[in-house]
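In: Okay, sequence plus prediction incoming.
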Amino acid sequence: MKSFNPFTGKVIGEIPETTPQDLERIVNAGREAYIEWSNLPIEQRTTFLQVLPELTIHSINSISDTLVAETGMPITEAEGSTRKLTQRMEFLIKNSPAYLQEEKTILSDDKINIVSYEPIGLIGCIMPWNHPFTIPFWSIIPALIAGNVVLYKPSELTPLVGRQIDDLMSKLQLPNGVFSTVYGDGQLGRLISAHPNVRMISYAGSIRIARKVYSEASENIKKLVLENGGKDALIVGDYKDKEYLAEQILVGSLRHAGQLCSSVRRVYIPEKDYEEIANMIISKVPSYNVGDPSDADTVVGPLKMKKQLDNLNALVAEALKKGARIAYGSADQPSQLYIPTVLIDVPPDCLVLQEEHFGPLIPLVKTRNFNHAIELANQSEYGLNASIWHDDIYEAEAMAKKVKTGTVTINMLPSTHNYCSWHGVKLSGLGCVLSPDGIRQFTDRKNVRFGYKHG
């Protein structure tokens, strides 16, 4: 497997692919390791992982450089996201044992119910290319602490980051077979999803691949956590600080070149404020430097793949045919170093408002009022995040309840939080990660109920 730098187009490394025969050997080793690992006390399993944040900090320069070279993520974002991850690692390591403790409830009919959270077995983690170092650990850490063993497959587009995760995990001195990394494309992923001895799949990536994972896992009725991306809407109500709003729209749309699941992908602005906010956005775009992701001044790096460029060009062309206009940027761009493009007067039926696009493309939609904006936002088949910007917090909260997404933020951009589940509705996914619920996803829930007598 060759890994390419999206900025230079050059090969930066190679990783041997895992064969089907290797996969069988690894699965069998995992099944054997599960017997011993799942029977260890949870405190002992947790002890193995406690040095992981420190090891990550010690390797932060190497990790960040690989993220820059392999994904095109700007160096400042690569370093910042890795430091943030170490804090999340600490949260997951510290809190997972507490969230997995038995829960006893005295019932009204003189019975007691005890809920226990038991390990599932071998868990396949099929992970994405856009945040390839951060996202895998949201599954790996709680899965291992819960007593499972993990089979991790990084994206075929970012195998070098995958190898860095494997190198870190090897320093934990886990028993043989408890954690394994395999390298391959969709064919290997399909073998993992369909394998009868892989009892759960945790997946993050596109809806196209998610449908295949869902289908392949269905034969054995596997437990699934699917995060399939989103079409995050930013909905503007009455918000006075329009300059700050314009900056946040650009931050949400342009960080990592718009290649995050939480990127702002469509903006709904009331007609009374539309021209003012649009002009502010347009005036600020030039301050977001486009260029070499290894340069500390770069905000917008390259697109990872040419097919993203082709998709952006097609979406822009379709929107222009329907009456949208380009206020900044250009149509039919030739380079993966995509110039941020602002589309104005975008009709609600354009594909750019419906299909998930990975890139710095900002469509602005004029709305009649708050209710009209939410009606348009809900037309998407995706439902990961949305944000509402409105000075009346109580009214914003009421409107948030009408938005059909897993998370709605008010006067802040969508982001993950340790104590809050990260999940989608509709086509955006099943299950969740992070939070107590996200940690318990990697277990089978069991009830033990019995009667007792008073006195």
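Out: That came through, no problem. Residues are numbered from 1 along each chain as shown.

In: What number of residues are in the vicinity of the residue nearest to G147 when sequence neighbours are not counted?
Out: Nearest residue to G147, sequence neighbours excluded (C-beta to C-beta, 6 or more residues apart in numbering): P119, at 3.2 Å. Backbone N, C-alpha and C define where each C-beta goes, glycine included. Using other C-beta atoms under 10 Å, P119 has 25 other residues around it.

In: roughly how far apart are P119 and A210?
Out: Distance of P119 to A210, given as C-beta to C-beta, to the nearest Å: 24 Å.

In: E355 now?
Out: The value you get for E355 to A210, if C-beta to C-beta is used, is 15 Å.

In: same deal with S415?
Out: Counting by C-beta to C-beta, the gap from S415 to A210 is 22 Å.

In: and if you look at D437?
Out: Distance from D437 to A210, by C-beta to C-beta: 20 Å.

In: now swap in Y239 and tell me
Out: 34 Å.

In: before we move on, what about P340?
Out: In terms of C-beta to C-beta, P340 sits 28 Å off from A210.

In: okay, which residue is most central for the protein?
Out: Closest to where the C-alpha atoms of the chain average out (C-alpha atoms, centre = their mean) is C261, at 5.4 Å.

In: Next up, the contacts around it.
Out: N130, A204, E227, G229, G230, L384 (C-beta atoms under 8 Å, 6 or more residues apart in numbering).

In: Give me the distance between the fifth one and N176.
Out: Think G230. For G230, the distance to N176 - C-beta to C-beta - is 38 Å.

In: what about these two, which has more around it?
Out: G230 (29 against 11).

In: which neighbours does the worst-scoring helix or strand of the chain on mean pLDDT have in its sheet, and in what orientation?
Out: Counting by mean pLDDT, DSSP states H and E, the chain has its least confident helix or strand at strand 103-106, which shows a mean of 93. Paired neighbours of strand 103-106 in the sheet (DSSP bridges): strand 111-119 (antiparallel).

In: What mean pLDDT does whatever helix or strand comes next after the strand it pairs with get?
Out: Sequence order places strand 122-126 as the next helix or strand after strand 111-119, per DSSP states H and E. For strand 122-126, mean pLDDT is 98.

In: contacting residues around strand 122-126?
Out: In contact with strand 122-126 (C-beta under 8 Å, 6+ apart) are residues 27, 30-31, 34, 136, 139-140, 143, 148-153, 189, 192-193, 195, 197-205, 213, 442.

In: Centre of the chain to that strand, how far?
Out: Centroid separation for strand 122-126 versus its chain: 16 Å, with C-alpha atoms, centre = their mean, to the nearest Å.

In: elements contacting the helix or strand just after it?
Out: Heading C-terminal from strand 122-126, the first helix or strand you meet, by DSSP H and E, is helix 135-145. Packing contacts for helix 135-145, counted by 3 or more C-beta pairs under 8 Å, 6 or more residues apart in numbering; DSSP states H and E, involve helix 42-49, helix 75-99, strand 122-126, strand 149-153, helix 159-170, strand 200-204, helix 435-440.

In: If we go by neighbour counts, what in the fourth one is buried?
Out: I take that to be strand 149-153. V149, V150, L151, Y152, K153 (16 or more other C-beta atoms under 10 Å).

In: Which member of those is positioned nearest D391?
Out: Y152 (44.9 Å; C-beta to C-beta).

In: What separation do you get for the closest one and L144?
Out: 11 Å.

In: Find the residues that touch each one of those two.
Out: By C-beta under 8 Å, 6+ apart, the residues touching both Y152 and L144 are F179.

In: for this structure, what are the low-confidence residue spans?
Out: 453-455 (pLDDT under 70).

In: Break it down into its structural domains.
Out: Domain assignment for the chain by automatic domain parsing gives 2-228+428-451, 233-410.

In: okay if I get the ones you listed as a markdown table plus distance to C420?
Out: As requested, the domains of the chain are arranged in a markdown table below (distance: least, C-beta to C-beta, whole Å):
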| stretch | distance to C420 |
| --- | --- |
| domain 2-228+428-451 | 5 |
| domain 233-410 | 7 |
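
In: The stretch 351-455 of the chain: strands as residue ranges?
Out: For the stretch 351-455 of the chain, applying DSSP state E, counting those that start in this stretch gives strands covering 361-367, 382-383, 385-389, 407-410, 425-426, 429-430, 443-451.

In: CSV please, covering the ones you listed and showing mean neighbour count and distance to S170.
Out: Formatted as CSV, these follow (neighbours: other C-beta atoms under 10 Å; distance: least, C-beta to C-beta, whole Å):
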stretch, mean neighbour count, distance to S170
strand 361-367, 25, 40
strand 382-383, 25, 37
strand 385-389, 28, 35
strand 407-410, 20, 35
strand 425-426, 16, 37
strand 429-430, 22, 30
strand 443-451, 12, 25
